[in-house]
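Asker: Next input, structure requested:
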Amino acid sequence: MEMEVKILNAVKYVGGTVLTIGIFIFLIGFFESGYSILTPIGIGTIMGAVFIFLMGVFFVATEEMLKKRYKGINIAPIKPKKGVPL
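Answerer: This is a model prediction of the structure:
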């Protein structure tokens, strides 16, 4: 559980930093600057931050599910009766 918290914290800080930079670039390109090239770069940076965050959460959830897959009730397979095709 400790490893998942570390991964979530790392993803949170990296995603938040990239998101802040993307918002800053977008606002400069949209309002202040005469360069219209900064606006799509800001939008792309914001989308990248969201992607980084979602992928990190997905990896943590996947790891958690893999750890829990061996718990539960063992179910024995049903043996077919003689003469019954599978």
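Asker: shaky segments in this structure?
Answerer: Along the chain, the parts satisfying pLDDT under 70 run over 1, 71-74, 84-86.
Asker: In it, mark out all the strands, start to finish.
Answerer: In order along the chain, the chain carries no strands (DSSP state E).
Asker: in it, which spans are helices?
Answerer: In the chain, the helices defined using DSSP state H lie at 2-27, 38-68.
Asker: can those go into a markdown table with extra columns for mean neighbour count and distance to Pro77?
Answerer: Where C-beta positions appear, they are placed from N, C-alpha and C, glycine not excepted. Listed next are the helices of the chain as a markdown table, based on neighbours: other CB atoms under 10 Å; distance: least, CB to CB, whole Å:
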| stretch | mean neighbour count | distance to Pro77 |
| --- | --- | --- |
| helix 2-27 | 14 | 33 |
| helix 38-68 | 14 | 22 |
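Asker: now those helices as TSV including distance to Lys81?
Answerer: Putting the helices of the chain into TSV (distance: least, CB to CB, whole Å) gives the following:
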stretch	distance to Lys81
helix 2-27	46
helix 38-68	34
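Asker: right, and those - which one's nearest Ala76?
Answerer: Closest to Ala76 of these is helix 38-68 (CB to CB; 20.8 Å).
Asker: Return the distance of that closest one from the chain's centre.
Answerer: 4 Å (CA atoms, centre = their mean, to the nearest Å).
Asker: So which other helices or strands are in contact with it?
Answerer: Taking 3 or more CB pairs under 8 Å, 6 or more residues apart in numbering; DSSP states H and E as contact, the helices and strands that helix 38-68 lies on are helix 2-27.
Asker: now the angle from the helix it packs on to helix 38-68?
Answerer: Going by axes from the mean of the first three to the mean of the last three CA atoms, to 10 degrees, helix 2-27 is angled at 170 degrees with respect to helix 38-68.
Asker: Which neighbouring elements make contact with helix 2-27?
Answerer: Contact here means 3+ CB pairs under 8 Å, 6+ apart; on that basis helix 2-27 packs against helix 38-68.
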